[in-house]
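Q: Can you look at this prediction? I've put the sequence above it.
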Amino acid sequence: DTAVSQTPKYLVTQMGNDKSIKCEQNLGHDTMYWYKQDSKKFLKIMFSYNNKELIINETVPNRFSPKSPDKAHLNLHINSLELGDSAVYFCASSQDDGRSNTEAFFGQGTRLTVV
Amino acid sequence: TQLLEQSPQFLSIQEGENLTVYCNSSSVFSSLQWYRQEPGEGPVLLVTVVTGGEVKKLKRLTFQFGDARKDSSLHITAAQPGDTGLYLCAGARWFSGTYKYIFGTGTRLKVLA
């Protein structure tokens, strides 16, 4: 019974294609995130949603569009994929209770390869 | 973006040795977390330190938050092969009504049997 699950785990696609990654959490958390981990293992936040509302939007190309249909889901759609988009994308969730020691629970990641 | 630098970047040691990983920044954080990530998996939280100077122990792992809350260290005693993984620190900063977590550059640890 996975807490944060994302699909697919692997995604290989050609440049210029549009693809989506789905994420679901069954922890009852109200905050969800998308992170990108590059080949050097640097983990950088892309977006954060709280109760379906966008609260953090880092400097990410407009080709990336997150969508949160409800607070248990946060999907990531990517248009016109580029070689530089190749990375591992992690979804995470946490309970935002106004404290700084909130634990984030991560999914297993989606390894995106653009060829 | 405030960068959290971790050192060393890579570490390969023999089973039974001790090691320390450092996480440094020029910025103050409300709290500092340490995560461990294994291949093919997402990061998993090990500990959160909140108070300057705070020390927390988790079995053979000792975590310390710097007095000025700008840096942290992770010390592992008698390392075991099961400690192998990517260790990430993450600092919390208040941003637009919520806490934003900035991850460090990572330390890849390999413990040889």
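A: Arrived safely, thanks for sending. Computed from a predicted model, the values in this text were never measured in an experiment.
Q: Next, report how far the lowest-mean-pLDDT helix or strand in chain A is displaced from the centre of its chain.
A: Within chain A, confidence by mean pLDDT, DSSP states H and E is lowest for strand A:53-57 among all helices and strands, at a mean of 84. On the basis of Cα atoms, centre = their mean, to the nearest Å, strand A:53-57 sits 12 Å off its chain's mean C-alpha point.
Q: Pull out the buried residues from that strand.
A: Residues A:I55, A:I56 are the ones in strand A:53-57 that count as buried (16 or more other Cβ atoms under 10 Å in any protein chain shown). Every C-beta, even on glycine, is put in place using the N, C-alpha and C of the backbone.
Q: what packs against that strand?
A: strand A:43-50, strand A:64-70, strand B:98-103 (3 or more Cβ pairs under 8 Å, 6 or more residues apart in numbering or on different chains; DSSP states H and E).
Q: Which residue lies nearest the spatial centre of chain A?
A: Closest residue to the average C-alpha location of chain A: A:W34 at 2.7 Å, with Cα atoms, centre = their mean.
Q: OK, contacts around the residue of chain A found nearest chain B?
A: Residue nearest to chain B within chain A: A:F106 (2.9 Å; Cβ to the nearest Cβ). Listed by Cβ atoms under 8 Å, 6 or more residues apart in numbering or on different chains, the contact partners of A:F106 are A:V4, A:Y35, A:F90, A:C91, A:A92, B:G42, B:P43, B:V44.
Q: Per-residue confidence, the last one, what does it come out as?
A: pLDDT for B:V44: 96.
Q: before we move on, what about the first one?
A: According to the predicted model, the pLDDT of A:V4 comes to 97.
Q: Just grab the bridge partners of it for me.
A: A:Q25 (DSSP bridges).
Q: And the fourth one, by the same measure?
A: Each beta-bridge partner of A:C91 is listed here, defined by DSSP bridges: A:W34.
Q: now the last one
A: Following DSSP bridges, B:V44 is listed with bridge partners B:R36.
Q: May I have the phi/psi pair for B:E54?
A: phi -60, psi 140 (degrees, to the nearest 10).
Q: separation between the spatially closest residue to it that is not a sequence neighbour and chain A?
A: Take B:E54 and drop its neighbours on the chain: the residue closest to it by Cβ to Cβ, 6 or more residues apart in numbering or on different chains is B:F65, 4.6 Å away. Note on B:F65: its distance to chain A, by Cβ to the nearest Cβ, to the nearest Å, is 11 Å.
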